[in-house]
Every structure is written in C-alpha cells, then in structure tokens.
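> Just the structure for this:
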Amino acid sequence: MDHLPPLPTRIARTAAAAGAFVLAATLVLAHGDVAPQPVDTDALPDVGEEWLTENPYRADAAGEEVWAAAVEIGASGYNQNCARCHGLEVVSGGLAPDLRFLEAEEYGDEWYVERFRTGYTQNGTTKMPAFGELLGQKAAWAIRTYIETRPDGDSIAEYEAELAELRDTLKDGSADRDAAQARLAEIAGEIETLSGAPVADSVAYRAANQLAAGNDQDKAAETLTIGLSAAH
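From the prediction side, this is the model:
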C-alpha cells in the first residue's frame, strides 16, 4: 500500500491522466455547456487566499477526520461538476482517459490545480470552464482528494464474491459483527488506488468504518450492495 510504481510508469500514468481534460474536449457532453454547481465546503478548514500547489487535505497533512470530510465533499462536487465528462466514480467510459491515474503527489497536484483554475479552451471555444473563481480553492482540493482515493477496480474484483457473502450475512443478521468488521478492514487494506494514494475509499473501507462507528448492520449491507452494483 505504501509503495509507488516505478518512475517511468508513474510518469506515463500521469501523462495519460493529464490528457483527460484535453481529450474531454472532443466529447459531445462537454463541460462547455454545463453551469458549474456550487460546493458546500464549510466543514473543511480554510487554506488561505493564495492558491496552493499541494493538496492540503490529505490525511498525513490534515488528519483523518479532515481527509474523510474532504472525500465526502469532493464526491458531491465531482459528481455535480465533473462526472458528466470524466465518469461516475471517476471511472472513464472510454472516451476520456481515467483521472484516477493522476499521481497523488505534488507533481500531479500542480497540474491538476492549474487546469482546475484556468480550464481549457480550444479554438476560442470553452471545453472546460475555469472553476477556480467559481468554486474556490477548498472545493478544488476536496475534489482532488476524492479523485485520488478512488480504488482500483481490479483490486475490488478479487474480493467481490467474499464481499457479497459478507453483505448477505450482515443483511440477514447471521454475521458476527466484530469479525465482519475486522475482515472488511483487512480487505480494505488490500485494495489499492491507481494514484498511489495510501488509502482507497473503497466499498470495503466504507462498510468497515460504518460497523466500527456503531451503525447498524443493515446500513453496512446497503453500502456493500450499492458498491458492488456500481462495480458492474
């Protein structure tokens, strides 16, 4: 979980992700005709007026509570403003490269925030709005946090059958709650991100945290159901 791919691979991945916003300009459903939607970032700490070049909401910088809030807020912001071109859950539909490959470190941050602030224009036509002044820096980094914590679908696929079984036992009440929570946490630790971020906000991670927080088993089962359905 704490290692990154070899440098040439990482550079290639970042370059591929960097092309995402540019190639998105060829999509019929371009951002150019979509009004950006505001993002409620009141729950996040202020980051100042000057734009940063590195994500301030990562867990190692801001703590897990702020990181978790950024992921949740970023998910809403992304789905309202970015998913139309770049795909639900940041999973590309094939017409635009997958933004999950954009490196979760300063190099990727610098490129990302520049695009977010200035947008993209081709031949005088806006293909992606400049979100900087419209949404602000806090929203930018929340969306960035959400993007970089998207799990690798192949990693999840390895555990789909077991996750479905755990879901069923939680739903019918036959599960040992503590054992189910522990196993979900173990699975979550095995699921990687494509960005190199150390924690994947996967369906296993979410369900494990819900059980650990004392939520009822039905809620965790519902989370697993929705997550497994989305994987297909």
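> Just grab the bridge partners of residue 121 for me.
Note on residue 121: beta-bridge partners by DSSP bridges are residue 126.
> Near it, how many other residues are there?
Residues near residue 121, counting by other CB atoms under 10 Å, number 14. C-beta here means a position set from N, CA and C on the backbone, and glycine is covered the same way.
> That one is in contact with residue 127, isn't it?
Yes. Here residue 121 reaches residue 127: they are 6.7 Å apart, a contact under CB atoms under 8 Å.
> where does the residue lying farthest from the centre of the chain sit relative to residue 108, distance-wise?
Farthest-out residue of the chain from its mean C-alpha position, per CA atoms, centre = their mean: residue 174, at 32.2 Å. For residue 174, the distance to residue 108 (CB to CB, to the nearest Å) stands at 44 Å.
> now residue 209
Distance, residue 209 to residue 108, using CB to CB: 26 Å.
> Kindly report the domain assignment for this protein.
7-148, 154-230 (automatic domain parsing).
> Low-confidence ranges, the chain, go.
Where the chain drops to pLDDT under 70, the residues are 1-34, 94-97, 231-232.
> All the strands of it, residue numbers only.
All strands of the chain, identified by DSSP state E, fall at 120-122, 125-128.
> what packs against the longest one?
I take that to be strand 125-128. Using 3 or more CB pairs under 8 Å, 6 or more residues apart in numbering; DSSP states H and E, the elements in contact with strand 125-128 are strand 120-122.
> now residue 112, nearest residue through space, not along the chain?
residue 144 (5.7 Å; CB to CB, 6 or more residues apart in numbering).
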